[in-house]
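> Generate coordinates for the sequence data below:
(one chain, ligands or ions: 1)
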Amino acid sequence: MIDLHVHLDGSLTKEDLRYLATLNDLDASIVDTKPYAVSPNCHSLSEYLECFDFPVSLLQNVQSISYATYAVLKRFAGEGLLYVELRFAPQKHTRSGLSQEQVLLSAIQGMNLAKNECGIACKLLLCCMREDKEGSLNKETVALAAKYKDSGVAGIDLAGDESIAPNSAYKAVFDYANSLDVPFTMHAGENKDNADVWDAIKMGAKRIGGATNVLADPMLVEFLALTKIPLEMSITSELNTSVIESASASPIAKLVSRGVKVCICTNNTGVSSTTLTREYALIKEKLGLSSDVMKSFYFNSVDAAFLDSEQKAFLKELINKKLNEKEND
Ligand SMILES: [Zn+2]
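Just a heads-up that it's a prediction; the model follows:
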């Protein structure tokens, strides 16, 4: 399995946070007093968003960022993930004086440790933030992504509260990314606004994170199917934030039947208390998709990954091998 949409700060466990608290000279018991994961029946965006404050507050020094990256990737490797694009916003980790570059280097250090120890393949996606309306922090993030493109960075993303401004307000940042040949995915339409999805496409997004309401715009569905621009979808997280009312109300089955490429992702394994294995199982159980469609999700994620054709061919070979092993079991 491959996860192309998973946030570092939302994927920490209680145990990770306890260890990170001690790295920050805090008593580990502080974790019991702070929100970091939603209740199983959460349907509230505000409850969901609150869960990021505490983890981010702990990820403000080299050791913590490096450890968190390592711990999350080690867990994914243990689950059997073959490749991950792990995302975070360097600009959210500079409160104690680290530069965005130091933040990135800390994450690269943790990632390389996990790669060497667990054999997991991984790249980092650097999030630009909607909060940076003026754009200088986001442009710095884009420049970093370009600088470290051959040493661990896959590309960039746009994240943050969609109510701040439409995606089109960030055009200059993504024009800059295009000029530097930095590929990008973009959160869009999580608030059900399809204009944001169209804007992301026009700006050059190679993938879209969210886009849960595209069925309301048949022309958009047709366009996504024709261009094969994939959607990164995460059912549990969509349930937690009330984007969908129930797992069976997910648009995934209809999108697949109309030819849209969907990639199954987790978004935040810690905040949503989920795993990629669980997301696949949930989709299989609630949407009743055939095993061929379920298998196609693996390959959609390979095709959508920010990797070169040789790396993709290698991953497909690995997946086929694992599927054959499973069938012969
Ligand atoms: Zn996300």
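> how close does residue 143 get to residue 99?
When distance is defined by C-beta to C-beta, to the nearest Å, residue 143 is 12 Å away from residue 99. Where you see a C-beta, it was placed from the backbone N, CA and C, and this is true even at glycine.
> Among those two, which residue is more densely surrounded?
Taking neighbours as other C-beta atoms under 10 Å, residue 143 and residue 99 compare with residue 143 leading, 16 against 13.
> How about the more buried one: what's its closest non-neighbour residue?
residue 180 (7.3 Å; C-beta to C-beta, 6 or more residues apart in numbering).
> and what of residue 24?
Closest to residue 24 by C-beta to C-beta, 6+ apart is residue 58, at 5.3 Å.
> can you point me to the longest strand in the chain?
The longest strand of the chain (DSSP state E) is strand 121-129.
> just checking, what packs against the helix or strand immediately after it in the chain?
Downstream of strand 121-129, the first helix or strand assigned by DSSP states H and E is helix 136-147. Counting contacts by 3 or more C-beta pairs under 8 Å, 6 or more residues apart in numbering; DSSP states H and E, helix 136-147 packs against helix 100-118, strand 121-129, strand 153-159, helix 171-179.
> Rebuild those as CSV, extending it with mean pLDDT.
Below are those laid out as CSV (pLDDT from 0 to 100):
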stretch, mean pLDDT
helix 100-118, 98
strand 121-129, 98
strand 153-159, 97
helix 171-179, 98
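> in this protein, which spans are helices?
14-23, 45-50, 53-58, 62-79, 100-118, 136-147, 171-179, 194-203, 218-227, 235-240, 252-257, 276-287, 291-304, 309-327 (DSSP state H).
> Show the average pLDDT along the third one.
Computed over helix 53-58, the mean pLDDT rounds to 98.
> and what of the second one?
Confidence over helix 45-50, taken as the mean pLDDT, stands at 88.
> quick one: buried residues of that helix?
Buried residues in helix 45-50, counting neighbours by 16 or more other C-beta atoms under 10 Å, are found at 45, 48-49.
> now the third one
Across helix 53-58, burial judged by 16+ other C-beta under 10 Å covers 54-56, 58.
> what's it packed up against?
Using 3+ C-beta pairs under 8 Å, 6+ apart: helix 53-58 touches helix 14-23, helix 62-79.
> Can you point out the buried residues in the shortest one?
Along helix 14-23, these residues count as buried under the neighbour rule (16+ other C-beta under 10 Å): 16-21.
> likewise the longest one?
By neighbour count, with 16+ other C-beta under 10 Å as the criterion, the buried positions of helix 62-79 are 62, 64-77.
> Residue 233: which of those is nearest?
Nearest to residue 233 among the buried residues of helix 62-79 is residue 76, at 18.2 Å by C-beta to C-beta.
> Chain neighbours aside, what residue packs nearest to the closest one?
Residue 76's closest residue in space is residue 84 (C-beta to C-beta, 6+ apart), at 5.4 Å.
> Including distance to residue 319 and mean neighbour count, could the helices and strands packed on helix 136-147 go into JSON lines?
Listed next are the helices and strands packed on helix 136-147 as JSON lines, based on distance: least, C-beta to C-beta, whole Å; neighbours: other C-beta atoms under 10 Å:
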{"stretch": "helix 100-118", "distance to residue 319": "18", "mean neighbour count": "19"}
{"stretch": "strand 121-129", "distance to residue 319": "12", "mean neighbour count": "24"}
{"stretch": "strand 153-159", "distance to residue 319": "19", "mean neighbour count": "25"}
{"stretch": "helix 171-179", "distance to residue 319": "29", "mean neighbour count": "17"}
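> Reformat those as TSV; add distance to residue 136.
Formatted as TSV, the helices and strands packed on helix 136-147 follow (distance: least, C-beta to C-beta, whole Å):
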stretch	distance to residue 136
helix 100-118	11
strand 121-129	11
strand 153-159	15
helix 171-179	10
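> Tell me who's in contact with the closest residue to residue 272 other than its chain neighbours.
Nearest non-adjacent residue to residue 272, counting by C-beta to C-beta, 6+ apart: residue 236, 4.5 Å away. Taking C-beta atoms under 8 Å, 6 or more residues apart in numbering, we find residue 236 in contact with 266-267, 272-274, 278-279, 282.
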